[in-house]
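> the following block contains a protein sequence and its predicted model.
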Amino acid sequence: MTYSIAIIDDHSLILEGLRSLLKDLPDVTEILEAHNGTEMLALLKDKEFQACIVDLDLPDIDGFALIDAIKKEKPDTRIIVCTMHEEVWIVNRLKHPSISGVVFKSSASEHIQEAVQQVINDGTSYYCPHFKKLYKEKQANTANMINQPPTTRELDILKSIAKGMNTHEISEHLFISENTVEWHRKNLMLKFGARNATDLVIKALAKGFLSIPLE
């Protein structure tokens, strides 16, 4: 089976490095490159490819939003994320049905060829060893968090959620990044065993961590 691959990364050296690794694969017929989301969206309209290697840090579009756009236009495309981000909230998002493989940039030279061959030829997901290690640690931490009391910062975010504030509004209100808000929000969901924001507020009220009227 022969196939084409698209690569998107805003660093020319990364693109060059990935191209040099992928050109040695026997079944690769074409390697397409994009430096930003706009170029990638143009490739979606004009070119055919079976796999796409995506960086999450792009100058003009969120990497996850780009993945959604690729899968919407070409549902059968295999997505491999090649990222430097090893934060636990990113690790959690990468375990997603739209993503066929994950290779951290720190180990791309060792694993990117194997990832491409596995997701294309075998049709199975590929996760580099370091990702597997981090995900296993995350699962262990998740189990330990259930029924733990919220931290002071989590209580601040809990109160903001109860007031109907979204992630962006909480970020500005508490002077923290949106990623940090999302991280604490996920921790709250785990600690309270909540399905959504409404369920979270109801359970927090029942356990006495929130009171009416809200402060």
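Perfect, I can see it now.
> tell me where the model's unsure across this protein.
Residues of the chain meeting the criterion pLDDT under 70: 215.
> can you give the domain ranges for it?
For the chain, automatic domain parsing gives the domain ranges 3-138, 146-206.
> want to throw these into a markdown table with mean neighbour count and distance to P213?
Heads up, the C-betas are built off the backbone N, CA and C, glycines and all. Putting these into a markdown table (neighbours: other CB atoms under 10 Å; distance: least, CB to CB, whole Å) gives the following:
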| stretch | mean neighbour count | distance to P213 |
| --- | --- | --- |
| domain 3-138 | 17 | 32 |
| domain 146-206 | 16 | 10 |
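> let's have those domains in CSV, adding distance to L214.
As requested, the domains of the chain are exported to CSV (distance: least, CB to CB, whole Å):
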stretch, distance to L214
domain 3-138, 26
domain 146-206, 6
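> S177 reaches S171, doesn't it?
Yes. Counting by CB atoms under 8 Å, S177 touches S171, with 6.2 Å between them.
> ok, L58 - contacts?
Contact analysis of L58 by CB atoms under 8 Å, 6 or more residues apart in numbering lists I8, D10, N36, G37, L66.
> again, only using 6 Å
Applying CB atoms under 6 Å, 6 or more residues apart in numbering to L58 gives the contacts D10, N36, G37.
> tell me the secondary structure for the residue nearest to the last one when sequence neighbours are not counted?
If you skip the residues right next to it in sequence, G37 has I61 as its closest partner in space, 3.2 Å away by CB to CB, 6 or more residues apart in numbering. Three states are possible here, and by DSSP: H, G, I helix; E, B strand; the rest coil the one that applies to I61 is coil.
> show me how far the longest helix along the chain is from its chain's centre.
For the chain, the longest helix by residue count, based on DSSP state H, is helix 129-145. Using CA atoms, centre = their mean, to the nearest Å, the mean C-alpha position of helix 129-145 is found 15 Å from that of the whole chain.
> packing partners of that helix?
Contacting helix 129-145 under the criterion 3 or more CB pairs under 6 Å, 6 or more residues apart in numbering; DSSP states H and E are the following elements: helix 88-94, helix 178-192.
> mind doing that once more with 7 Å?
Helices and strands touching helix 129-145, as assessed by 3 or more CB pairs under 7 Å, 6 or more residues apart in numbering; DSSP states H and E, comprise helix 88-94, strand 101-104, helix 178-192.
> chain center to the shortest one: distance?
Average the C-alpha atoms of strand 101-104, do the same for its chain, and the two points are 11 Å apart (CA atoms, centre = their mean).
> having no further points to raise, I will conclude here.
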